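Asks: turn this into a model:
(chains A and B)
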Amino acid sequence: MEYIIIIITAIFVNNIVLAQFLGICPFLGVSGKVSTSVGMSGAVMFVMTIATIVTWLIQNYILIPFSLEFLQTITFILVIASLVQMVEIILKKVSPPLYQALGIFLPLMTTNCAILGVAILTMQNDYNLMQGVVFAIANAIGFGIALLLFSSIREHLDLLDVPKGMRGVPIAFVAAGILALAFMGFAGLV
Amino acid sequence: MNQWQNFTKGFIKDNPVFVLLLGLCPTLGVTTSAINGLGMGLATTFVLLMSNTVVTLIKNFIPVKVRIPSFIVIIASFVTIVELVMQGFLPALFEQLGLFIPLIVVNCLVLGRAEAFASKNDFISSVLDGLGMGLGFTFALTLLGAVREILGSGAIFGWDFVTGDGMLVFVLAPGAFIALGYLIAIMNKFNKAS
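Replies: Numbers count the residues shown, from 1 in each chain, chains lettered A, B, ... in the order given. The predicted model follows:
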């Protein structure tokens, strides 16, 4: 039950993009086409889950026992940066097709604030390892849903006759606002 | 003249938020009021200024292959300084900004300026660029925060000039997207005219 609440909250009620404003850069950057947004969501889920596990272990077995919590920001970002590199190298060797699919999105992952954000939120909420993993996966799904919906909307926007001043980024933001408005309907679900 | 341009380009012509579209997460996340936007902007300005200064001073000693991780460590150190100082002296603002303070580390604006400008230019230009970009970012955040506060709660910098509730949606998440969309459209118009 507890896991279900974490999942529903992370995907719908507190959607990571539309309610918490994390990962806006890839949300706008790669949402031009549906196919690229699927690749991006896959890469985010992969890295987010691994990053949460590793940072959880570091937080609870190294930083807290030695009372080094103030180094959290530096440690986490370094772990995530090296993790992204490592995942990239391993994927290249082990699974070339997956690397082909996710490849170009992996380097962008270091500066995706959703990854670091979820890692820090997991620590702030005092989740145990299992809850942390569920939380990370649910947030990645939430990111995927938001990205997919938004890229479908943007594909349609290209075909419409938008007033000149609003073309491109401004209309995309207004569309994102309306999408966020729709997600507010989930408030109070849990 | 050139140095002056390095400083002023961040305000309108290359405004990090309205034109370059960098650092949008904190832009949307913390601007529920003008004062939050101002606080976040100044914190980011400090990190940007310091990281640009350090990066430009040591750019010749960093091997090209490990420059991104080195930049991230430099940025993360200054973010930790901001975090601790703000927690100590401005605990109320720290509570308000919350998660977005540590997330300055992954603000694409800070890393972007270190990589694209400070690692290639001389000391004075880099310092001016960091300061100008930071103040441009602060300007954008304060403006967006002010718009959302005026429309959302009929107040500015905490001063209520309209009694009763405003349009609550502008304080909530959707209003951030919509307000920023319209501000970018207005800024585009303004940039083309000048």
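
Asks: any part of stretch A:131-143 near chain B?
Replies: No. Among the residues of stretch A:131-143, none lie within reach of chain B under CB under 8 Å from any CB of the partner chain; the closest is 12.7 Å away. The way it works is simple: take the backbone N, C-alpha and C, and place the C-beta from them, glycine included.

Asks: that stretch: how far from the chain's middle?
Replies: With CA atoms, centre = their mean, to the nearest Å as the basis, stretch A:131-143 stands 9 Å off its chain's centre.

Asks: would you mind listing the outside residues contacting it?
Replies: Identification of contacts with stretch A:131-143 by CB atoms under 8 Å, 6 or more residues apart in numbering or on different chains yields A:2-3, A:6-7, A:9-12, A:15-17, A:23, A:27, A:41, A:44-45, A:48-49, A:51-53, A:56, A:114, A:118, A:121-122, A:125, A:127.

Asks: just the helices in chain B please.
Replies: For chain B, the helices defined by DSSP state H occupy B:2-8, B:24-30, B:34-58, B:67-89, B:91-97, B:108-113, B:123-153, B:173-193.

Asks: so which of those helices is the most packed in?
Replies: Using mean count of other CB atoms under 10 Å in any protein chain shown, the stretch among these with the greatest mean number of neighbours is helix B:24-30 (a mean of 27).

Asks: ok, now which ones touch A:Q85?
Replies: With contacts defined as CB under 8 Å, 6+ apart, A:Q85 is in contact with no residue.

Asks: what do you get if the cut-off is 10 Å, keeping everything else the same?
Replies: Contacts for A:Q85 (CB atoms under 10 Å, 6 or more residues apart in numbering or on different chains) come out as A:106-107, A:109-110, B:68-69.

Asks: any chance of these in a markdown table, with distance to B:I75 and pLDDT too?
Replies: Converted to a markdown table, the contacts of A:Q85 look like this (distance: CB to CB, whole Å; pLDDT from 0 to 100):
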| residue | distance to B:I75 | pLDDT |
| --- | --- | --- |
| A:L106 | 20 | 73 |
| A:P107 | 17 | 72 |
| A:M109 | 17 | 75 |
| A:T110 | 12 | 72 |
| B:I68 | 11 | 81 |
| B:P69 | 11 | 83 |
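
Asks: pick out the residue nearest the middle of chain A.
Replies: When chain A is reduced to its mean C-alpha position, the nearest residue by CA atoms, centre = their mean turns out to be A:A114, at 4.4 Å.

Asks: measure the nearest residue to that residue once chain neighbours are set aside to A:M48 for me?
Replies: The spatially closest residue to A:A114, leaving aside those adjacent along the chain, is A:G23, at 3.3 Å (CB to CB, 6 or more residues apart in numbering or on different chains). The gap separating A:G23 from A:M48 is 10 Å, by CB to CB, to the nearest Å.

Asks: any common contacting residues for the two?
Replies: Going by CB under 10 Å, 6+ apart, residues that sit against A:G23 and also against A:M48 are A:16, A:112, A:114-115, A:117-118, A:139-140, A:143.

Asks: highest neighbour count among the residues you listed?
Replies: When neighbours are counted by other CB atoms under 10 Å in any protein chain shown, A:N139 leads the shared contacts of A:G23 and A:M48 with 33 neighbours.

Asks: give me the pLDDT for it.
Replies: At A:N139 the predicted local distance difference test score is 92.

Asks: quickly find the element holding it.
Replies: Here A:N139 sits within helix A:129-157, counting by DSSP states H and E.

Asks: buried residues in that helix?
Replies: Residues of helix A:129-157 classed as buried by neighbour count (16 or more other CB atoms under 10 Å in any protein chain shown): A:131-151, A:153-154.
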